[in-house]
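Asks: what's the 3D shape of this:
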Amino acid sequence: MKGDGKVFLKEANLSSIEREMVRLIAREYPDQLIAQHLNKTEKDVKIHIASIGKKLNAKTRAEIVTKAYRYQLLP
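Replies: From the prediction side, this is the model:
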């Protein structure tokens, strides 16, 4: 796919907290549970998810999870 090389390079820039959020998103955790699990506010979670979306060029949680598997961010 066009542009995937750039996405792959960007995914390497996910912080450890963003990687953990990707794992929790894949488990279908809602923002509230992600916030509780990571001791963050829901607003922080939304900001991180938006950042993850930009880094992976994903517009939805489903796209984030799909690309995370594609780029082997998830087992």
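
Asks: Any idea how many residues pack against Lys54?
Replies: Using other CB atoms under 10 Å, Lys54 is surrounded by 11 other residues. No exception for glycine: its C-beta is placed from N, CA and C like everyone else's.

Asks: now it: how far from His37?
Replies: Taking CB to CB, to the nearest Å as the measure, Lys54 and His37 are separated by 22 Å.

Asks: same deal with Ser15?
Replies: Distance from Ser15 to His37, counting by CB to CB: 16 Å.

Asks: and if you look at Lys55?
Replies: Separation of Lys55 from His37 (CB to CB): 21 Å.

Asks: Where in this structure is the helix or strand with the lowest mean pLDDT?
Replies: For the chain, the helix or strand with the lowest mean confidence is helix 4-11, at a mean of 51 (criterion: mean pLDDT, DSSP states H and E).

Asks: How about Ile49, nearest residue that isn't a chain neighbour?
Replies: By the measure of CB to CB, 6 or more residues apart in numbering, the closest residue to Ile49 outside its immediate chain neighbours is Met21, 6.5 Å from it.
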